[in-house]
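>>> This is a predicted model, with the sequence first.
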Amino acid sequence: MMLDGCTPWPAGTAGRYRGAGLWRGTDLGSLPRAWADAHGTATALVAGPERISYAELADRVDRRAAGFVRQGVRPGDRIVLQLPNVPQFVEVAFALFRAGAKPVFSLTSHRAQEIRHLCELSGAAGYVLPGLFRGFDHTALGRRLAAELPSLRRVFVLDGTGVTDGDDLVVPLADVDAQPLPLPANDPSDVAFFLLSGGTTALPKLIPRTHDDYAYQTRTVARQSGLGPGSVYLAALPVEFNFTWGCPGVVGTLSSGGTVVLAPDPTADDCFRLIETERVTLTSVVPTVARLWLEERPWSDADLSSLEVLQIGGARLEPELAARITPELGCRLQQVFGMAEGLLTMTRPDDDPHAVLHTQGRPVSEADELRIVDALGAPVPPGGAGELLTRGPYTLRGYYRAPEHNARAFTEDGFYRTGDLASITPEGRLVVQGRIKDVVIRGGDKIAAGEVEAHLLAVPGIVAAAVVPVPDELLGERIYAFLVSRAEDGRKPSLSALKAALQERGLADFKLPDRAEYVPDLPLTPLGKIDKKVLSAAAADPAHPRDRWQA
Ligand code: OOB
């Protein structure tokens, strides 16, 4: 049974996935103990000077799970989890699984807007936060939200800042610790945790991931990546990103008896040093980070010889950049196309070099179904480009508590509309051609145009707003806002004033427009919708005429 508000796979389909041995009834909460039984003294996690064995990790998870129960966390509770790349992220996530609670993975860059929305939508009973992190006081935010939202009963603080004596709302994470308890097992077909959608709508959606589906994804990808006890995975990107958490990432590496090294951030300085000292064999980055690493490589004397594979995904990888990886970093390139919603495609070790440079590889599961359709939903001829639709054993059937959006985002027979424009080669490899959905991919960050537009429209003086991506060499894309201001008072807030207004509204920094341009009006399509094609062309070309769009 899945949590109320989720869409289960149809019984017949689920039966097929079980019958084929894809879903094996794994409870993610039981994994740390099983790993400890298999690899007890081996190193599971490395973070700075700290080295945590599998046995120690399982003990910590058991104690924290009991600690959460003592703090009133109950099976089924949703808990917003917002922590940086620290061992506590892994401990807390698995402890919550053990306790039957469902973490909602949030980004450390999220601010009041995003966290309030996640708490409200999930009905969160708890919020695990870093405290004072990169100059932002998350504890103060937690207190504010708890005052607004009756369902939010507890705030857990990693660094203990803002905790006062005798306070039963704000609790130091260190106090979430108790003698292990026998705890009931989870139903493997139920939600284990929630990932966030990159979003096409004004507000981010929650993606339920079940124990069975995520166990299957991580096991399959780990096997295809050849992971074993000798593997050392560097978590360079944030751990809450599906790519880092489970493609094969943290969970796949731990399932294979390998070691996970947590990097505080993806800078070349930190990561090269960790690759050298920890003899890292595998890591995953977005194209922007790969570009920075290539820039830095000639200036660094770090020994990167242990690195066997660099996975790159999350945004379009230019073939020119792809071609530099092996000669300049000395490792193999693996292209990864993926989404928090599920579907993953990857190039494989035995793929020919052309396929590795120019395609995003094949789906990781035999049971993944891919369809390419035209604007009317009809299949395009083989090899043609169109929207990618997919369904399969680890791809969601519906967002959490979003029936209206689900009616649009899925076909009647359960295919998820990815919003990506793609084609499939005769060998079955995916080639991503572009995007239909209204999203900017800045670095690896996904920004829903509609979300930024809604906030821009709330700024006094702005009467119309349209956000489009503009190509950028370093970030791939940046955020370009076209604005119409109210003619009577002629007010046109500057870019910095706009950014300040959006920050003031509690929007995360990575969603702030990089450029704003005022225009007399916005171009419309014949159906009266804002014509973003025209706007994208104008953003990319300063010479594009802007005052008479339809001309
Ligand atoms: C990953 O997940 P999300 O949910 O942050 O973003 C998904 C979207 C895709 O729909 C696509 O638009 C874009 O990101 N994308 C790519 C890509 N990989 C993802 N676009 C072009 N080329 C690629 N290789 O980004 C994600 C999740 C798991 C593994 C890897 C990436």
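Noted; the coordinates are in hand. Residues are numbered from 1 along each chain as shown.

>>> use CA for all of it now, contacts and neighbours both
OK.

>>> got a list of what the most centrally placed residue in the chain touches?
The centre of the chain sits closest to Phe241, judged by C-alpha atoms, centre = their mean, with a distance of 3.4 Å. Taking C-alpha atoms under 8 Å, 6 or more residues apart in numbering, we find Phe241 in contact with Ala340.

>>> One more: Gln82?
105-108, 127-130.

>>> Which ones among those residues lie within strands?
The strands in this structure, assigned by DSSP state E, contain 105, 127-129 from the contacts of Gln82.

>>> Those residues, buried ones only, as a ChimeraX selection?
A single ChimeraX command suffices to select whichever of the ones in strands among the contacts of Gln82 are buried according to 16 or more other C-alpha atoms under 10 Å:
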select :105,127,128,129
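
>>> Generate a markdown table for the ones in strands among the contacts of Gln82, with distance to Gly25 and pLDDT as supplementary columns.
As requested, the ones in strands among the contacts of Gln82 are arranged in a markdown table below (distance: C-alpha to C-alpha, whole Å; pLDDT from 0 to 100):
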| residue | distance to Gly25 | pLDDT |
| --- | --- | --- |
| Phe105 | 23 | 98 |
| Tyr127 | 29 | 98 |
| Val128 | 28 | 99 |
| Leu129 | 31 | 98 |
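
>>> what's the closest of the ones in strands among the contacts of Gln82 to the ligand?
Nearest to the ligand, judged by C-alpha to the nearest ligand atom, of these is Phe105 at 12.2 Å.

>>> pretty sure that closest one is in contact with Leu81, am I right?
Yes - taking contacts as C-alpha atoms under 8 Å, Phe105 lies within contact range of Leu81: 5.2 Å.

>>> Flag every residue of the protein that's near the ligand.
Residues of the chain lying close to the ligand (C-alpha under 6 Å from any ligand atom) are 197-198, 242-243, 313-316, 336-340, 360, 418, 420, 432.

>>> do you know how far the closest residue in space to Cys6 that isn't next to it in sequence is from Gly126?
The shortest distance from Cys6 to any residue other than its chain neighbours is 5.0 Å, reached at Tyr400 (C-alpha to C-alpha, 6 or more residues apart in numbering). Remark: distance between Tyr400 and Gly126 (C-alpha to C-alpha, to the nearest Å) = 18 Å.

>>> Among the two, which residue is more densely surrounded?
Taking other C-alpha atoms under 10 Å, Tyr400 and Gly126 do not tie; Gly126 has more neighbours (27 against 21).

>>> who's in contact with the more buried one?
Taking C-alpha under 8 Å, 6+ apart as the test, what Gly126 contacts is 73, 78-80, 152-156.

>>> for Pro172, same thing?
In this structure, Pro172 makes contact with 156-160, 163, judged by C-alpha under 8 Å, 6+ apart.

>>> Could you list the low-pLDDT ranges of the chain?
Across the chain, residues meeting the criterion (pLDDT under 70) sit at 487-490, 550-551.

>>> unless I'm mixing things up, Leu522 is touching Ser485, no?
No - the pair Leu522 and Ser485 fails to qualify as a contact (C-alpha under 8 Å) at a distance of 11.1 Å.

>>> Which neighbours do these two have in common?
Looking at what touches both Leu522 and Ser485 (by C-alpha under 8 Å, 6+ apart), the common residues are Ala464.

>>> just checking, what packs against the helix or strand where Ile479 lies?
Using DSSP states H and E, Ile479 sits in strand 476-485. With contacts taken as 3 or more C-alpha pairs under 8 Å, 6 or more residues apart in numbering; DSSP states H and E, strand 476-485 sits against strand 439-442, strand 462-472, strand 515-518.

>>> three-state assignment of whatever residue of the stretch 101-250 of the chain ends up closest to the ligand?
Nearest residue of the stretch 101-250 of the chain to the ligand: Phe243, at 3.8 Å (C-alpha to the nearest ligand atom). With DSSP: H, G, I helix; E, B strand; the rest coil as the basis, the three-state label of Phe243 is helix.

>>> from what I can see it touches Val251, true?
No - look at Phe243 against Val251 with C-alpha under 8 Å: they stay out of range, at 10.5 Å.

>>> Could you check which of those two has the larger neighbour count?
Per other C-alpha under 10 Å, whichever of Phe243 and Val251 has more neighbours is Phe243, with 27 against 23.

>>> hey, where'd the helices end up in the stretch 201-350 of the chain?
Remark: helices assigned in the stretch 201-350 of the chain by DSSP state H, counting those that start in this stretch are 211-224, 242-246, 249-255, 268-278, 287-296, 319-329.

>>> List the buried residues for the longest one?
Right, helix 211-224. Of all the residues in helix 211-224, those buried under the rule 16+ other C-alpha under 10 Å are 211-222.

>>> so what's Gly386 bridging to?
Applying DSSP bridges to Gly386 yields these beta-bridge partners: Ala422.

>>> Double-check that Asp187 belongs to a helix.
No - with the criterion set as three-state DSSP, the secondary structure at Asp187 is coil rather than a helix.

>>> For it, list the residues it contacts.
Contacts were defined as C-alpha under 8 Å, 6+ apart; by that measure Asp187 touches 1, 25, 27, 211.

>>> Nearest to the ligand, out of those: which one, please.
Relative to the ligand, the closest of these is His211; by C-alpha to the nearest ligand atom it sits at 17.1 Å.

>>> What distance do you get for that closest one to Ala55?
For His211, the distance to Ala55 equals 22 Å [C-alpha to C-alpha].

>>> Same check on Asp265?
Remark: distance between Asp265 and Ala55 (C-alpha to C-alpha) = 27 Å.

>>> what residues does the longest helix anywhere in the chain touch?
In the chain, ranked by residue count with DSSP state H as the criterion, the top helix is helix 54-70. Surrounding helix 54-70, the residues in contact under the criterion C-alpha under 8 Å, 6+ apart are 32-33, 35-37, 39-45, 91-92, 94-96, 98-99, 175-181.

>>> Now the two most distant members of the contacts of Gly126.
Arg78 and Phe156 (13.6 Å; C-alpha to C-alpha).

>>> now the contacts of Gln82 in a markdown table, with distance to Ile325?
Below are these laid out as a markdown table (distance: C-alpha to C-alpha, whole Å):
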| residue | distance to Ile325 |
| --- | --- |
| Phe105 | 31 |
| Ser106 | 31 |
| Leu107 | 28 |
| Thr108 | 29 |
| Tyr127 | 40 |
| Val128 | 38 |
| Leu129 | 36 |
| Pro130 | 35 |
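
>>> Now flag whichever of these is closest to Ala497.
Distances from the contacts of Gln82 to Ala497 were compared by C-alpha to C-alpha; the smallest belongs to Thr108, at 24.1 Å.

>>> Might one say that the closest one is in contact with Val86?
No - judged on C-alpha under 8 Å, Thr108 makes no contact with Val86 at a distance of 11.9 Å.

>>> returning to that earlier point: so of the helices of the stretch 201-350 of the chain, which one's packed in deepest?
Mean neighbour counts were taken over those using mean count of other C-alpha atoms under 10 Å, and the top value, a mean of 27, falls to helix 249-255.

>>> Give the other helices and strands that it contacts.
With contacts defined as 3+ C-alpha pairs under 8 Å, 6+ apart, helix 249-255 has these neighbours: helix 31-39, helix 211-224, strand 232-235, helix 242-246, strand 259-262.

>>> what about 10 Å?
Packing partners of helix 249-255 (3 or more C-alpha pairs under 10 Å, 6 or more residues apart in numbering; DSSP states H and E): helix 31-39, strand 43-47, helix 211-224, strand 232-235, helix 242-246, strand 259-262, strand 282-285.

>>> any chance of these in JSON lines, plus distance to Thr347?
What follows is the helices and strands packed on helix 249-255, written out as JSON lines (distance: least, C-alpha to C-alpha, whole Å):
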{"stretch": "helix 31-39", "distance to Thr347": "28"}
{"stretch": "strand 43-47", "distance to Thr347": "27"}
{"stretch": "helix 211-224", "distance to Thr347": "10"}
{"stretch": "strand 232-235", "distance to Thr347": "18"}
{"stretch": "helix 242-246", "distance to Thr347": "15"}
{"stretch": "strand 259-262", "distance to Thr347": "22"}
{"stretch": "strand 282-285", "distance to Thr347": "13"}
